[in-house]
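> Task: produce atomic coordinates for the following.
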Amino acid sequence: MAQLAFDIGGTFTDFALSDPAAGRTVVWKVPTSQGAPAEAVIAALSAARSAGELEPGAIGGLLHATTIATNAILERKGARTALVTTEGFRDVLLIGRQKRHDTNDLLMDKPVPLLRRADIFTVRERLAPDGSVVTPFDTEGARAVAEAVVAAGYESVAVVFLHAYANKAHEEAMAAALRAVSEKLTISLSSEVSPKFREYERSSTTVANAYVAPIVGRYVGALEAATRAMGVGAGLSIMQSNGGLVSARMARDWPIRIVESGPAAGVIMAAKVGAEEGFDHVMTFDMGGTTAKLGAVDHGVPAVTATFEVDTVAYRKGSGLPLNVNAVELLEIGAGGGSIARAAMGLIRVGPDSAGAEPGPACYGKGGTAATITDANLLLGYLNPGYFNGGAMALDVAAAEAAVAREIAAPLGLATTEAAWGVHHVANANMERAMRIVSIERGRDPRRHALVAFGGAGPLHAARLARALGVPKVIVPRGAGVGSALGLLAAPRKFDWGITRVLRLEPGASAAIGALFAELEARVRAELAEIGGAGTLQIGRAAAMHYLGQGFEVRVDLPEGEVGADYAERARAAFHAAYAREYGYSHPEAAVEATDWSVTATLTGSEAGLAPLAAARRRGAGAVLGARPAWFAEAGGMVDCAVLDRAAMAPGARFSGPALVEEAECTTVVPPGDAVRVSAAGNLIIGIGEGA
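So this is what the prediction gives:
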């Protein structure tokens, strides 16, 4: 049966309908409905049904990526949330960590928590690190707190008791006390959301889960109801931050797991395309209407981190809200087509705020007056005002010119085209800085990577970014403008679970390790069974380890198979090897301690599958549609360059820049000096510096 994938972004919602029976995949984009993102999905599906292009009853799966949880956190528009914690530890969330993300900034602000001190309640209870009871749970005090929470009108509650990762009894008792007072409360327990040690990170993760849970719950419920009303009987699967799909129920219960939902799907697609073209090491560049997302694929596998931060300051570690969630390694910045440009103190600033879909850039003609990256790219000749989004939207050149002239050119004394180039160049500089963090600062050599560019604006900026970092090849996949939607079709069913159990890796520890993994594997198998789908179950193991006395850990992939008597020693060897890769040396004689243990269950072969992309409508007799002037500083300014129709390009075709390659969902800019060939799979391979 057909599989429908859709990714709701801040500006556009992307669709990919894969129909194996027809042997094709159809893709399209529509503007996102501001304030009610699901409306754009239902409207687009209704239009496709009316046009006879979509039969709801023939859809066998709905695959979804969404930014709703991310946006609620970034915009501080989550539910009214309370935190219940151990007496004497009320300020853990507010104090955070002592380490400063910028030592030299005397006016530095800490990450702003999602709730105020007045929203934090305490209960007398205490557990030791091993889970034993130090202070019994105060049942009467818990009931009083529950009554106070309900009386104050809170919608959601996070419960984070000291050392609850080792014993969840007190948190479950608190949940029972809350439910006894009101069944309407949404309750998040740290022992279920993040059963890990380090109280600040566990508190931050659980509070964030509680903060977005009511919003995600309502959104997912409304989307399911609306699709059912249309006659779609298939269940809804949602992309997690770790690159795997889960059921709608799991997304409602653990909404914190879908914070990086859309960007993760894009990295899955990029890994598939990289493998298709013979590249094991890939950097990913996804630029949409609101943000740009950068990621990496190492040895053919998307890089995954056990923790990440949202709402960071200048991409600095420790400046954002920490989340103990496995996630595809990504760096997201406010640099999308709708990012607003301003003149400030004699300089051009771009982002992080965006004009979004409503009113959007000035050139959208929907009442927007701010100058944006899209307006600048239109004035530079990169965008075709009559073929934006395949001709579904006409761009207003005069409005873009007026906005850039008023907001940038006049304050800085520049010609309008020069001001537009300045906006484009500053946006590139911002993204180049972020890409250096993803690559060089994390030990990756850009010269040994290919850059996979996608999203509505990614292919337009990619070649110049690659040149700045020394990346030799840029790959623009077929359907690049809806890359994340296509990534959903390539994503497997997946579920991971982890816990903290501090254990020294010494002779005799193998039995305890075996018991730990048996517990974890039973949990992930049960959850994956609920997700459903056909495929082969693969279990991956990992642990966070350090040398005894160290304060932070290295994540280590551990051997699969039976946990025998020598497993502790094998785990030690794996740690020494991982530590040497990370730091250049190891200390084999030193004692090793493991803290966090995790298991990932993946149902390989459960991917929806991507039928060949339907051939796009050719717009002319040949590949060359004509020529138009576009700005290439490399050639001295405005020059006439060829405009090519990607739909008319056959595998093996070659050409050099300057050139513009148009397709319905995006435009690829090829600067002078670069050469392009169309691969056997239909992807554009741009050789940086290889042109005539």
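> So the closest residue to Gly244 other than its chain neighbours, which state does it fall into?
Excluding its sequence neighbours, the residue lying closest to Gly244 (CB to CB, 6 or more residues apart in numbering) is Lys494, at 2.2 Å. For glycine as for every other residue, the C-beta is placed from the backbone atoms N, C-alpha and C. Under the three-state scheme (DSSP: H, G, I helix; E, B strand; the rest coil), Lys494 adopts strand.
> Wait, Lys494 touches Leu245, no?
Yes - at 6.8 Å, Lys494 and Leu245 qualify as touching, with contact defined as CB atoms under 8 Å.
> Of the two, which one has the most company?
Per other CB atoms under 10 Å, whichever of Lys494 and Leu245 has more neighbours is Leu245, with 30 against 25.
> worst-scoring helix or strand of this protein, pLDDT-wise?
helix 37-50 (a mean of 80; mean pLDDT, DSSP states H and E).
> tell me the secondary structure for the closest residue to Leu520 other than its chain neighbours?
Nearest residue to Leu520, sequence neighbours excluded (CB to CB, 6+ apart): Val599, at 4.0 Å. In three-state terms, and counting by three-state DSSP, Val599 is strand.
> For the helix or strand where Ala265 lies, buried residues please.
Assigned by DSSP states H and E, Ala265 falls within helix 261-276. For helix 261-276, a neighbour-count test (16 or more other CB atoms under 10 Å) marks 261-274 as buried.
> packing partners for the helix or strand following that helix?
Next helix or strand after helix 261-276 toward the C-terminus (DSSP H and E): strand 282-287. Secondary-structure packing of strand 282-287 (3 or more CB pairs under 8 Å, 6 or more residues apart in numbering; DSSP states H and E): helix 261-276, strand 292-298, helix 416-438, strand 450-454, helix 458-469.
> how does it look with 6 Å?
helix 261-276, strand 292-298, strand 450-454, helix 458-469 (3 or more CB pairs under 6 Å, 6 or more residues apart in numbering; DSSP states H and E).
> where does the residue of the chain positioned farthest from its centre land in three-state SS?
Residue farthest from the centre of the chain, counting by CA atoms, centre = their mean, is Glu140 at 42.9 Å. Secondary structure state of Glu140, per three-state DSSP, is helix.
> What distance do you get for it to Ala146?
11 Å (CB to CB, to the nearest Å).
> again with Leu178
5 Å.
> How far does the least confident helix or strand of the chain sit from its chain's centre?
Offset of helix 37-50 from its chain centre (CA atoms, centre = their mean, to the nearest Å): 24 Å.
> Any chance you could list what contacts whichever helix or strand comes after it?
For helix 37-50, the following helix or strand on the C-terminal side (DSSP H and E) is strand 59-66. With contact meaning CB atoms under 6 Å, 6 or more residues apart in numbering, strand 59-66 is reached by 1-8, 232, 234, 236-239, 261-262, 265, 484, 488, 608.
> Can you say which of these are buried?
2-8, 232, 234, 236-239, 261-262, 265, 484, 488, 608.
> so of those, which ones are in strands?
2-8, 236-239 (DSSP state E).
> pLDDT below threshold where in the stretch 1-150 of the chain?
Low-confidence segments of the stretch 1-150 of the chain, defined by pLDDT under 70: 35.
> let's go with 90 and repeat that
1-3, 8-13, 17-61, 66-77, 97-113 (pLDDT under 90).
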